[in-house]
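K.L.:
what's the 3D shape of this:
(one chain, ligands or ions: 2)
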Amino acid sequence: MQYSKVTPEHISIFQSIIGKDHVFYDEENIKHYAHDETEDLKFPPEVILKPRTAEEISEILKVCNKENIPVTPRGAGTGLSGGALPVYGGVILAMERFNSIIAIDERNLQATVEPGVINQVFQEAVIAKGLFYPPDPASKGSCFLGGNLAENAGGPKAVKYGVTKDYVLNLEVVLPTGEIIWTGANVLKNATGYNLTQLIVGSEGTLGIITKIIFRLIPYPTQTLLMLVPFFSAEKACEAVSAVFRAGITPSAMEFMERDAIDWVLKFVEVNIEIKENIKAHLLIEVDGNDLDVLMKDCEKISEVMYGFECDEILFAETAAQKENLWKMRRRVAEAVRSHAVYKEEDTVVPRAELAVLLKGVKEIGTKYGFRSVCYGHAGDGNMHVNIIKENLSDEDWNTKLPLGIREIFELCVKLGGTLSGEHGIGWVQKNYMDIAFNEKQLDLMKGIKTLFDPNHILNPGKIFV
Ligand code: 2HG
Ligand code: ZN
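P.N.:
Ligands and ions are numbered 1, 2, ... in the order given. Got it, this is the predicted structure:
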């Protein structure tokens with residue numbers, strides 16, 4: 001792709017649209033916005049714009065579309081597939097000033113929110129009204145709702161409550177050509193035309209800029225019980241997962257952590273827990289609802305299933321602090337690995353009952369290509385994060401041999417009925433593998449949609465497709 005450079009003339013046009021105070025091109029800002037949380041990748045933008053209204057974004061996009069300047073939208077920069085990396089330079093459209101919860105409609109159990117609101121801030125605001133917005137990525141304390149929509153983020157609660165897309169009813173979107181549209185209606189059922197709302201969700205900032213979100217909410221479940229189940233075999237832990245659902249229970253979280261994941265996180269955060277030498281993996285299982293007696297019975301049933309897969313003694317979190325402790329251990333695995341190692345993170349997903357086969361396959365592929373992997377994730381969804389550690393691999397092997405190993409992992413996922421990414425997106429880092437999941441016709445359909453929305457390919461170029 002050939003794009004134009006941002007000139008001083010462009011900068012003064014941007015300044016006239018959003019005000020001088022919201023246009024940045026100093027070294028410090030360029031450095032900050034050159035990366036997100038994806039590996040150690042860095043691509044400096046030429047200018048960072050922080051608009052406040054959909055109309056301002058519309059004006060900016062009209063200029064960029066006319067002048068052929070690439071625009072990369074950015075939420076909090078917590079993404080793991082490089083979605084917010086300005087790989088062709090140009091403009092970073094930073095959405096941090098879109099940070100208001102416009103309305104929480106308690107009559108309809110809906111909310112109108114801007115995309116720069118932090119996930120947890122929104123969760124807490126609705127909980128205060130007895131309502132629940134379940135999607136809870138590990139980075140919920142810092143990630144923005146707009147980024148969650150862009151990647152169709154999941155998190156532990158997805159296993160019972162679904163992912164981000166399941167809560168989005170309607171969106172205000174600025175198109176790359178500058179028009180401002182609503183994608184649907186504020187209703188729970190909608191059989192009216194193509195589903196533009198769900199086309200935008202998960203489109204990784206390539207089709208339009210989300211400026212308002214209408215969410216549906218549900219009543220907040222008041223009780224939770226949490227158990228940590230140690231296993232002598234990681235594969236057995238994976239096999240136990242689908243057995244719980246077959247026994248008629250849907251936990252509100254069902255997370256898998258292999259031994260290495262816990263060891264890394266314990267080096268990084270203080271969690272008071274003893275893990276025996278012979279324990280190879282854990283399942284962290286939560287049930288929720290409003291009736292403690294029912295939840296106790298669910299836990300008894302789950303325990304019975306677990307003991308059938310040769311687990312060690314199950315730990316029940318007794319207090320809120322203990323629950324928080326266990327969740328902290330789980331949520332901070334990615335961060336712990338990131339801060340200790342050069343690594344690549346794959347976001348594999350397969351039908352839940354194939355998880356053990358996937359884990360075994362990943363380890364075999366690792367042995368074949370000489371890499372170590374740390375596996376953890378949302379086992380109840382068949383969604384396993386595979387962190388590949390560079391360790392002793394030479395730069396040469398890391399850059400040339402490893403992609404072949406990753407290719408084999410994804411081929412295995414697809415063979416098992418799964419796909420490349422469950423919740424992190426394709427972005428910049430996974431796009432070379434799209435041919436494993438889709439043939440040319442399927443990819444052409446997607447590229448056709450992209451071109452219809454963004455004829456000059458100015459919006460988040462270099463993502464999803466090669
Ligand atoms: C996890 O399950 C996440 O730990 C890491 O997928 C992503 O930063 C995040 O939320
Ligand atoms: Zn995850």
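K.L.:
residue contacts, Val159?
P.N.:
Counting by C-beta atoms under 8 Å, 6 or more residues apart in numbering, Val159 touches Thr250, Pro251, Ser252, Ala253, Met254, His378, Gly380, Asp381. In short, each C-beta sits where N, CA and C put it, glycine included.
K.L.:
among the residues you listed, which pair sits farthest apart?
P.N.:
Taking C-beta to C-beta as the measure, the contacts of Val159 span a maximum distance of 13.4 Å, between Thr250 and His378.
K.L.:
neighbour-wise, which of those two wins?
P.N.:
Neighbour totals were compared for Thr250 and His378, and His378 leads with 26 against 13 (other C-beta atoms under 10 Å).
K.L.:
I figured that one hits Lys157, correct?
P.N.:
No: at 9.3 Å, His378 and Lys157 do not qualify as touching, with contact defined as C-beta atoms under 8 Å.
K.L.:
can you pull out the helices in the stretch 201-350 of the chain?
P.N.:
234-246, 259-268, 292-307, 320-331, 333-340 (DSSP state H, counting those that start in this stretch).
K.L.:
so which residues on the stretch 101-250 of the chain come close to ligand 1?
P.N.:
The stretch 101-250 of the chain has residues Pro137, Ala138, Ser139 near ligand 1, with proximity defined as C-beta under 6 Å from any ligand atom.
K.L.:
for Ile69, give its distance to ligand 1.
P.N.:
Counting by C-beta to the nearest ligand atom, to the nearest Å, the separation of Ile69 from ligand 1 is 30 Å.
K.L.:
burial check on that residue, number of neighbours?
P.N.:
25.
K.L.:
buried residues, the lowest-mean-pLDDT helix or strand in the chain. List them.
P.N.:
Using mean pLDDT, DSSP states H and E, the weakest-scoring helix or strand in the chain turns out to be helix 333-340, at a mean of 88. Buried residues in helix 333-340, defined by neighbour count with 16 or more other C-beta atoms under 10 Å: Val333, Ala334, Glu335, Ala336, Val337, Arg338.
K.L.:
so where's this structure uncertain?
P.N.:
Applying pLDDT under 70 to the chain flags no residue at all.
K.L.:
what does the stretch 251-400 of the chain put close to ligand 1?
P.N.:
Counting by C-beta under 6 Å from any ligand atom, the residues of the stretch 251-400 of the chain that sit close to ligand 1 are Val333, Ala334, Gly377, His385.
K.L.:
does the second one really touch Ala138, like I thought?
P.N.:
The reference is to Ala334. Yes: using C-beta under 8 Å, Ala334 is in contact with Ala138, at 6.0 Å.
K.L.:
ok, back up a step: would JSON lines of the helices of the stretch 201-350 of the chain with distance to Thr348 be doable?
P.N.:
Shown next, in JSON lines, are the helices of the stretch 201-350 of the chain (distance: least, C-beta to C-beta, whole Å):
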{"stretch": "helix 234-246", "distance to Thr348": "12"}
{"stretch": "helix 259-268", "distance to Thr348": "15"}
{"stretch": "helix 292-307", "distance to Thr348": "24"}
{"stretch": "helix 320-331", "distance to Thr348": "18"}
{"stretch": "helix 333-340", "distance to Thr348": "14"}
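K.L.:
I'd like to know which of the ones you listed lies nearest to Ser12.
P.N.:
helix 333-340 (39.0 Å).
K.L.:
helices or strands next to that closest one in the packing?
P.N.:
helix 259-268, strand 343-349, strand 372-378, strand 383-389 (3 or more C-beta pairs under 8 Å, 6 or more residues apart in numbering; DSSP states H and E).
K.L.:
could those go into TSV alongside distance to Gln198?
P.N.:
As requested, these are arranged in TSV below (distance: least, C-beta to C-beta, whole Å):
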stretch	distance to Gln198
helix 259-268	32
strand 343-349	18
strand 372-378	21
strand 383-389	19
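K.L.:
quick one, helices of the stretch 1-150 of the chain?
P.N.:
Ranges of helices in the stretch 1-150 of the chain, per DSSP H, counting those that start in this stretch, are 8-18, 27-32, 54-67, 119-127, 145-151.
K.L.:
out of those helices, flag the one nearest Thr38.
P.N.:
helix 145-151 (11.5 Å).
K.L.:
what's the following helix or strand after the closest one?
P.N.:
helix 158-161 (DSSP states H and E).
K.L.:
restricting to C-alpha, output that next one in PDB.
P.N.:
Listed next in PDB are the C-alpha coordinates belonging to helix 158-161 (Å, rounded to 0.1, in the frame of the first residue of the first chain):
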ATOM      1  CA  ALA A 158     -18.100 -15.900  28.500                       C
ATOM      2  CA  VAL A 159     -18.600 -19.600  29.100                       C
ATOM      3  CA  LYS A 160     -22.000 -18.900  30.700                       C
ATOM      4  CA  TYR A 161     -22.900 -15.400  29.500                       C
END
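K.L.:
quick check, nearest of the buried residues of helix 333-340 to ligand 1?
P.N.:
Closest to ligand 1 out of the buried residues of helix 333-340 is Ala334 (4.0 Å), distances taken as C-beta to the nearest ligand atom.
K.L.:
now that closest one: how far from Asn186?
P.N.:
Plainly put, Ala334 is 34 Å away from Asn186 if you go by C-beta to C-beta, to the nearest Å.
K.L.:
ok, Lys66 next?
P.N.:
Taken as C-beta to C-beta, the span from Lys66 to Asn186 is 34 Å.
K.L.:
equivalent analysis for Asn383, please.
P.N.:
For Asn383, the distance to Asn186 - C-beta to C-beta - is 30 Å.
K.L.:
who has more neighbours out of those two?
P.N.:
A direct count of neighbours by other C-beta under 10 Å for Asn383 and Asn186 places Asn383 higher, at 26 against 15.
K.L.:
the more buried one contacts Gly155, correct?
P.N.:
No: judged on C-beta under 8 Å, Asn383 makes no contact with Gly155 at a distance of 10.0 Å.
K.L.:
shared neighbours of those two, which are they?
P.N.:
With C-beta under 8 Å, 6+ apart as the test, Asn383 and Gly155 both reach Glu423.
K.L.:
re earlier: show me how far the least confident helix or strand of the chain is from its chain's centre.
P.N.:
The chain centre lies 16 Å from the centre of helix 333-340; the measure is C-alpha atoms, centre = their mean, to the nearest Å.
K.L.:
check stretch 367-379 too.
P.N.:
Counting by C-alpha atoms, centre = their mean, stretch 367-379 comes out at 19 Å from the chain centroid.
K.L.:
that one: end-to-end distance?
P.N.:
Separation of the first and last residues of stretch 367-379 by C-alpha to C-alpha, to the nearest Å is 23 Å.
K.L.:
quick check: chain neighbours aside, which residue is closest to Tyr161?
P.N.:
In space, and not counting its chain neighbours, Tyr161 is closest to Pro134: 3.6 Å by C-beta to C-beta, 6 or more residues apart in numbering.
K.L.:
same check on Val342?
P.N.:
Counting by C-beta to C-beta, 6+ apart, the residue nearest Val342 is Lys390, at 3.9 Å.
K.L.:
please work out how many residues are found near the one you found.
P.N.:
Lys390: 16 neighbours (other C-beta under 10 Å).
K.L.:
pretty sure it contacts His340?
P.N.:
No: assessed by C-beta under 8 Å, Lys390 is found out of contact with His340, at 11.0 Å.
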